[in-house]
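J.: quick one: sequence and predicted model below, then my questions.
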Amino acid sequence: MTRLTAKIIENVPSGIAHLNEELEKKIKMDMRNFACRSIGVNAGDIDFGSYSVAIVPVTSGEGIIGGFSRSVAVAVGALGMRSFVTEACDVTGISEAFSSSADIIFMADDERFIALNTKTRSFSDNIWSTARGYVTALGLAEEGGLEGKRVLVIGAGRVGREAVKMLRNEGALVEVTDIIPERARMLESRFEGVRAISEVDEAIRSNRLILNASPGTIPGDLISQDAVISSPGVPYAFDEEGERRAKVIIHDVLSLGVAVMAVASVGLSLFDFSAADVVADRTAIQ
């Protein structure tokens with residue numbers, strides 16, 4: 001996962017209400033219903049209040065990001081789940097979570113961010129969940145959905161690669177570009193209906209539907225009028241001109257991915273889509 005900073009996530013806890021308002025305006029549903037829609041379940045079929053969720057701070061690698069665990073807890077709590085941050089970190093924190101009978105444990109190090117269901121031994125992953133959420137958001141924001149439409153994916157890293165596969169499953173015609181051209185060409189070679197693009201500026205100008213999975217900035221004068229943009233990339237990529245030109249920009253630094261993770265960690269055990277399906281999505285384009 002992209003390494004967040006305390007500065008980037010400092011407004012996450014106080015911004016949940018605003019995020020829900022923005023989602024209602026842009027995709028006509030709140031975060032909980034959006035997360036359920038992302039994995040194909042009905043929010044009314046999950047008893048959110050029955051789930052206890054522990055967030056365990058992890059010190060390995062570059063260490064704990066200030067405010068991260070609390071931000072995750074707030075995002076999970078906004079779904080109606082009972083969330084708490086363990087007092088201890090690392091292995092001791094995991095043992096505390098189990099001792100507290102947590103149903104789900106969120107943990108992140110420098111490489112992976114997962115939500116582990118302690119009852120089913122299944123887990124959801126932030127990379128898969130973020131891609132799933134932002135592909136869903138793009139489809140909800142675009143009238144008529146994505147089937148048969150051209151979508152530009154900017155960034156062929158872990159989230160971008162997952163998004164390319166998911167967009168093809170939605171029936172979209174995908175163009176993909178990356179600062180490392182070989183990444184885009186690899187996706188072109190592996191998936192029918194995917195085209196690697198080398199001229200990034202022209203690709204942005206000529207595509208109205210964009211999924212931005214890149215940390216780079218996008219000059220506003222490149223964005224087409226009435227563009228629909230789903231942007232999990234951090235930091236925020238758009239200037240005032242880009243915001244004026246775009247019809248919709250869906251962006252959040254943490255909460256949307258966390259919400260999909262939380263619902264997926266429950267949905268894997270309750271509904272008909274199998275853990276194997278999700279694992280296949282996560283691993284097929286590593």
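T.: Alright, I've got the coordinates.

J.: thought Ile154 was touching Leu211?
T.: Yes - using Cβ atoms under 8 Å, Ile154 makes contact with Leu211 at a distance of 7.3 Å. The way it works is simple: take the backbone N, C-alpha and C, and place the C-beta from them, glycine included.

J.: okay, now the unreliable bits of this protein?
T.: Flagging of the chain using pLDDT under 70 yields the residue ranges 1-3, 268-286.

J.: please repeat the previous calculation with a cut-off of 80.
T.: The model of the chain has pLDDT under 80 over residues 1-3, 267-286.

J.: and Val174, how far from Gly93?
T.: According to Cβ to Cβ, to the nearest Å, Val174 and Gly93 sit 40 Å apart.

J.: the two: who's more crowded?
T.: The residue with more neighbours, out of Val174 and Gly93, is Val174; 27 against 22, by other Cβ atoms under 10 Å.

J.: for the stretch 51-200 of the chain, what spans make up the helices?
T.: With DSSP state H, counting those that start in this stretch, the ranges of helices along the stretch 51-200 of the chain come out as 68-78, 90-99, 126-141, 158-169, 181-190, 200-206.

J.: out of those, which comes closest to Val58?
T.: helix 90-99 (5.9 Å; Cβ to Cβ).

J.: show me which residues of stretch 218-226 are buried.
T.: Residues of stretch 218-226 classed as buried by neighbour count (16 or more other Cβ atoms under 10 Å): 218, 222-224.

J.: and of the helices of the stretch 51-200 of the chain, who's closest to Gly267?
T.: helix 126-141 (10.9 Å).

J.: correct me if wrong: Leu79 contacts Ala259.
T.: Yes - using Cβ under 8 Å, Leu79 is in contact with Ala259, at 6.0 Å.

J.: okay, and the common contacts of those two?
T.: 31-32, 35 (Cβ atoms under 8 Å, 6 or more residues apart in numbering).

J.: for PyMOL, what selects the buried ones among these?
T.: Remark: buried members of the shared contacts of Leu79 and Ala259, expressed as a PyMOL selection using 16+ other Cβ under 10 Å:
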select buried, resi 31+32+35
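
J.: which of the shared contacts of Leu79 and Ala259 lies closest to Phe98?
T.: For these, the nearest to Phe98 is Ala35 (25.0 Å; Cβ to Cβ).

J.: center of this structure - which residue?
T.: Central residue of the chain (Cα atoms, centre = their mean): Thr130, 1.5 Å from the mean position.

J.: tell me the contacts of that one?
T.: Contacts of Thr130 (Cβ under 8 Å, 6+ apart): 159, 232, 256-257, 260.

J.: I'd like the residues you listed as CSV, with distance to Ile114, neighbour count and secondary structure appended.
T.: Compiled in CSV, the contacts of Thr130 are given as follows (distance: Cβ to Cβ, whole Å; neighbours: other Cβ atoms under 10 Å; DSSP: H, G, I helix; E, B strand; the rest coil):
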residue, distance to Ile114, neighbour count, secondary structure
Val159, 15, 27, helix
Pro232, 17, 27, coil
Leu256, 17, 26, helix
Gly257, 12, 29, helix
Val260, 13, 29, helix
